[in-house]
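**Student:** sequence and computational prediction follow.
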Amino acid sequence: MALTITATDSTEFELPPAGATAARCCAVIDLGSQESTYQGETKTQPKILLTFELAELRSDGTPHRVSRRMTASLHKKAQLRAFLEQWRGRAFTDEELRAFNVGKLLNAPCMLNLVHIERAGKQYANILSVSPVPKGMSAPELADAAVLFDLSAPDWNVFAGLSSRLQETISASPEYQAASAPKSVSLPAPVASRPAPAPALSAQPPAPAAPAQTYAPAGAGFADFEDDIPF
């Protein structure tokens, strides 16, 4: 019997609803230094991917997930810093900015505002903004163990569990190429475990990039949110 494979033009992708939804950070992925081109100029910058598990469920009962990729910098003009301060509901202190462990983001709850956009003829759900979870609300617990991948101390079993697209992106980075990646790994049975400590981010200026999303001042308008910051 022959194995017959046919080509398909597209795969049906189920989008989460647009609007506000409770979520938790389920993955923090170090992508290494990646090339990006803006206004004809190509730069190499360290990138990080944050993935969130939503309260909204797919038709099969599993939670939706959305991700956002940003430059790994906490400089005052960095998009990541603005995003995290909106999530916290307050600005970072100088002491926190000296070394912030991004592993603290794992399992942290938030409210996300999602929008649907079209790119290359396909619909995508983008994270427009983030905020703390309001008083009286909660985000569902994660369906699976949170995932952390750190290229400064890589866990190759974690790497093997990432999507092929993420693996391809990470493997193009100089940090990956400098690491001693095994040719193969044996994945253990899934277990819920606490992730290893993540690398610290510093408030060093990032290389110039595309204009970031504009945010209100950190802490503005958050009187009705929980007092405890999520990280």
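**Tutor:** Structure received. Only a predicted model underlies this, so the values are computations on that prediction, with no experimental measurement involved.
**Student:** quick one, strands of this structure?
**Tutor:** Using DSSP state E, the strands of the chain run over residues 19-38, 41-57, 63-71, 100-101, 109-119, 122-131, 147-149, 200-201.
**Student:** tell me which residues in the first one are buried?
**Tutor:** Neighbour-count burial for strand 19-38, counted by 16 or more other CB atoms under 10 Å, picks out 21-34. Quick note: C-beta positions are derived from backbone N, CA and C, even for glycine.
**Student:** could you give the angle of that strand to strand 122-131?
**Tutor:** Interaxial angle of strand 19-38 relative to strand 122-131 (axes from the mean of the first three to the mean of the last three CA atoms, to 10 degrees): 110 degrees.
**Student:** picking up where we left off before, need the winner for burial among the strands of the chain.
**Tutor:** Highest mean neighbour count among the strands of the chain (mean count of other CB atoms under 10 Å): strand 147-149, with a mean of 20.
**Student:** pull the distance from that one to the chain's centre.
**Tutor:** Between the centre of strand 147-149 and the centre of its chain there are 10 Å (CA atoms, centre = their mean, to the nearest Å).
**Student:** that one packs against which elements?
**Tutor:** If contacts are counted by 3 or more CB pairs under 8 Å, 6 or more residues apart in numbering; DSSP states H and E, strand 147-149 sits against strand 19-38, helix 156-160.
**Student:** between the ones you listed, which one is closest to Ile48.
**Tutor:** Nearest to Ile48 among these is strand 19-38 (6.2 Å), distances taken as CB to CB.
**Student:** and that closest one, which strands flank it?
**Tutor:** Within its sheet, and counting by DSSP bridges, strand 19-38 is paired with strand 41-57 (antiparallel), strand 109-119 (antiparallel), strand 147-149 (parallel).
**Student:** so can I have TSV of these showing mean pLDDT and distance to Pro63?
**Tutor:** Shown next, in TSV, are these (pLDDT from 0 to 100; distance: least, CB to CB, whole Å):
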stretch	mean pLDDT	distance to Pro63
strand 41-57	96	5
strand 109-119	97	13
strand 147-149	98	14
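**Student:** all good on my end, thank you.
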